[in-house]
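*Asks:* One predicted model, sequence on top.
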Amino acid sequence: DLLDCVCFWTFQRSLNGMDSFPSLDQTAASLWSFDSGRDDMDAVAFGQDDEEERVFEGGKDCCIYLIDASTMMETDYDFGQDGDGEEDELPEFFEVDGVDSNKRNCFDCSLRAVRSALRQNILTHEDNLTAVVLYGTKKSKGPDGSEASEASDNVYVAMDLDQLNRDHVLRMEAYLKDEGTAEIGFYGTTYNLNDALWCCQNMFARVRTKVETKRIILFTNQDQPHADNTDLQRAVQTKATDLKDNNIDINVLGIDTKQHKFDPTAFYQDLGVSLARSDKGFEQLCQTIRDLTHKKRARMTIPLRLSDGLELGVKVYNLFGDPKRPTNVWTYENKHLVRPRTTMICQETTTKLLPDDLKYGVNLGGGRVVFTKDEKLKLKQFGEPGLLLMGFKPRSALQDWHHCKKSSFLYPDESVIQGSTSLFTTLWASCFEKDRIPICRFVSRAGVAPTFCALLPQQALVEAEGSDKTLMPPGFHLVHLPFKDDIREGVPVTFGMPDADEEQVAKAKKLIKRINAKNWSLEQFSDPVLQTHFDALEALALTRPDIKPTPNDMVPATFPDSASRISKEFEELVYEEGYSPEMAVAAKRSGGSGGAAAKRPKVDPSQMDEAWFLAQHKAGLLSKCTIPQLKLFAKMKGLKGLPTKKADLLERIEEEL
């Protein structure tokens, strides 16, 4: 019935001339600026001999940082204010060795932001092509060091479009130190933004390698360039349209000054370019650059088959991914790369074998089953790649323990099948209305085992009510489900330990309340192991004199005094007198001075009656009992007003006996 409803809605929307879903399209335009190039993985023709996922090597990403170097950029940068009305604390990467931290005009802060981006990209996207172009300078220089006759007036190519290396980062630092600035001439009085854009277009045209994306990131604090010359403004508009027709994206980063707030509606909004502002400080400016240069490619593009003859195209995106260290390479004499080579040799005759001589074998029942490569490929064929609808289940049927691996995100793709967005939106809306989730068979690519998945619908998540900024678009989360063989039956576990009393539970609740992390978020912390590794690589590559220690944010700097006091009280309630975690761990590792460490014999709580406690007292072992055990015996004797410390409790019981 739900599928019939989907088909009827789609047919009705077609009659009304509605081929798209506005909220989906508008959300995608506001956040998901996905690359239009090839996916990371081709579902049909990619990888039939490897169970592990591999990434498709597409073209290079080209990015040009276009920085306004005119005299208007000499004004002070607006770093924003915190809740107390004071200037926000600057991040650590703002500081540059040998550079005065008081140099905080718009141009210097733009150079610092570009330097921060280059430092990150040289470790994560070193194969991409990057350039830095300054406009509004007093001198001119074109690509590859060409003379002024071949360059645009007041445009200086500080770094040509090439793969990143250590010299690029050092050059940005040299500009911040005012080294070599005489030959450039910062803060010129005349400029032509059209010439700067033309220079960038010319640099893209000179690239001979395969290019996936082309992007220009413009830094400026002038929200209305050429305000007194309408001819130059029309030339900029024409050039922006020309760049867009050539698949070159323009991202304008409007910089706020202490005297003027950047107004994107004054000029740039009519150009049809992506706009962003640095109204939340320098760190937000650097984060915006990282978001723009980060790859947002789909993992794959596959069909979603609803029934025979009814399917739509969807893209699969990974929302999370484990960052990996750069792969080590073998070198010879510190400059020559070493290429490994594998040779297959027969174990009995030591004869070198060719690939055609090899077959696959499996030892089974004392014998060996042999099959060819084609036969092996046929064993791994489980249908065409894509999603096949199996049916619908109530949303409540999806449990937390069903998540057996990280989920993905589905979004419609019109490039494969026209009308996919309309059908996808109807299915998405129907699932919310009926409170159902589709169950699908998922084959990621040819030669990969199928899995069952649940498509969990998600509403659009906006930053705040009434805000245009969307944090997550509407779509489906693809949740991988376990097979029957993956589910293990639960085994009841008994620990044989006494339960905590009410006083211990109350003290534990109080401790948890005092150390509750109210503003804690996963996005606040970076992996300290990765950061230390990258900092060491950067220091060695840039020939730094020393490697600065990386701060470990995972360890709290301070612990509240009240929490420390409650923690001590909780420790006295639960553990024996004189207990120390460090001493306990050391004793456990060493096993004690006399060989094996002495262990307290385990006693069944049901055997702890009054006779058992009297026997322990007679043997002089009552002090070996824990606080909960002593309180249990005290209750048996009818004692009230018990002390919290073990020594006092033991003394009270001894007096009673």
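*Replies:* Cool, the structure landed. Numbers count the residues shown, from 1 in each chain.
*Asks:* where do the strands sit along the stretch 151-300 of the chain?
*Replies:* 155-163, 211-220, 248-254, 274-277, 300-307 (DSSP state E, counting those that start in this stretch).
*Asks:* In the stretch 501-650 of the chain, where is pLDDT below threshold?
*Replies:* 556-559, 578, 580-607 (pLDDT under 70).
*Asks:* Going by residue numbers, what spans are helices in it?
*Replies:* If DSSP state H, counting those that start in this stretch is used as the criterion, the helices of the stretch 501-650 of the chain fall at 502-514, 528-541, 561-574, 581-590, 610-618, 627-636, 646-656.
*Asks:* same check, this time on the stretch 101-250 of the chain
*Replies:* Counting by DSSP H, counting those that start in this stretch, the helices of the stretch 101-250 of the chain are 106-124, 166-176, 193-205, 230-245.
*Asks:* and of those, who's closest to Ser526?
*Replies:* Nearest to Ser526, of all these, is helix 106-124, at 11.6 Å by Cβ to Cβ. (Glycine included, C-beta is placed from N, CA and C.)
*Asks:* re the thing from before, in CSV: the strands of the stretch 151-300 of the chain, plus mean neighbour count, distance to Cys63 and mean pLDDT.
*Replies:* CSV is the format used below for these (neighbours: other Cβ atoms under 10 Å; distance: least, Cβ to Cβ, whole Å; pLDDT from 0 to 100):
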stretch, mean neighbour count, distance to Cys63, mean pLDDT
strand 155-163, 21, 9, 89
strand 211-220, 22, 5, 89
strand 248-254, 21, 9, 88
strand 274-277, 17, 13, 74
strand 300-307, 21, 24, 90
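*Asks:* For these, give me CSV that also has distance to Leu111.
*Replies:* Shown next, in CSV, are those (distance: least, Cβ to Cβ, whole Å):
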stretch, distance to Leu111
strand 155-163, 10
strand 211-220, 9
strand 248-254, 13
strand 274-277, 18
strand 300-307, 39
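*Asks:* and of those, who's closest to Cys440?
*Replies:* Using Cβ to Cβ, those put strand 300-307 closest to Cys440, at 7.4 Å.
*Asks:* Quick one: list the elements packing against that closest one.
*Replies:* helix 2-15, strand 310-318, strand 386-394, helix 420-434 (3 or more Cβ pairs under 8 Å, 6 or more residues apart in numbering; DSSP states H and E).
*Asks:* how about a markdown table for the ones you listed, with mean pLDDT and distance to Asp167 added?
*Replies:* Listed next are the helices and strands packed on strand 300-307 as a markdown table, based on pLDDT from 0 to 100; distance: least, Cβ to Cβ, whole Å:
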| stretch | mean pLDDT | distance to Asp167 |
| --- | --- | --- |
| helix 2-15 | 41 | 56 |
| strand 310-318 | 91 | 34 |
| strand 386-394 | 94 | 47 |
| helix 420-434 | 92 | 46 |
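*Asks:* could you dump these to a markdown table with mean neighbour count?
*Replies:* Output for these, formatted as a markdown table (neighbours: other Cβ atoms under 10 Å):
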| stretch | mean neighbour count |
| --- | --- |
| helix 2-15 | 14 |
| strand 310-318 | 21 |
| strand 386-394 | 16 |
| helix 420-434 | 20 |
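*Asks:* returning to what we had before: quick one, which of the strands of the stretch 151-300 of the chain is nearest to Asn363?
*Replies:* strand 300-307 (35.4 Å).
*Asks:* still on that earlier bit, how about the strands of the stretch 151-300 of the chain, which one is nearest Phe570?
*Replies:* strand 274-277 (48.9 Å).
*Asks:* that older thread, and of the strands of the stretch 151-300 of the chain, who's closest to Met472?
*Replies:* strand 274-277 (18.6 Å).
*Asks:* outside of that closest one, which residues touch it?
*Replies:* 33, 249-256, 262, 264, 268-269, 288, 292 (Cβ atoms under 8 Å, 6 or more residues apart in numbering).
*Asks:* can I have it written out in CSV, keeping just the CAs?
*Replies:* The C-alpha coordinates for strand 274-277 follow below in CSV (Å, rounded to 0.1, in the frame of the first residue of the first chain):
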residue,chain,number,x,y,z
SER,A,274,28.9,31.5,-3.1
LEU,A,275,29.2,34.0,-0.2
ALA,A,276,30.6,33.6,3.3
ARG,A,277,31.4,36.1,6.0
